[in-house]
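>>> starting from these lines, generate the structure:
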Amino acid sequence: MNTDELVQAIRNLPTPKWQADREKYLVDQEAWKAQQAELEKKWKEWLGERYASDINTSGKDLIYSRAFSQGHSAGYYDIENEYIDLSEFASAFLNAAL
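Numbers count the residues shown, from 1 in each chain. Okay, the predicted model is just below:
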């Protein structure tokens, strides 16, 4: 799932509407968060496959964590750009170290 597909899928998620039944609203809100988390998980996997295929899972997790930290306030496209920069640096570092 690329970034465009992720953004579109999240936009298409039905957002929970406030209801008189607070418990139903909270259940709906948790379901929405779970759906978004599943979409983001697939996107994170795509980032790893696309930009960091030569890096192990732990390294990909570190790259994503840092990219998210640096780019999340500006949105998914900035997270992707940070991921690209960090994965290129990591790959260059690993190649130089070997």
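
>>> Gln70 - nearest residue in space that isn't next to it in sequence?
Glu82 (4.7 Å; CB to CB, 6 or more residues apart in numbering). Quick note: C-beta positions are derived from backbone N, CA and C, even for glycine.

>>> and stretch 41-55, which residues are buried?
Trp43, Lys44, Trp46, Leu47, Gly48, Tyr51, Ala52, Ile55 (16 or more other CB atoms under 10 Å).

>>> the residue most distant from the middle of this protein, which is it?
Here the chain reaches farthest from its C-alpha mean at Ala20, the gap being 32.9 Å by CA atoms, centre = their mean.

>>> helix or strand for that one, which one?
Assessed by DSSP states H and E, Ala20 sits outside every helix and strand.

>>> mind showing which ranges of the protein have poor pLDDT?
Along the chain, no part satisfies pLDDT under 70.

>>> fine, thanks again, bye for now.
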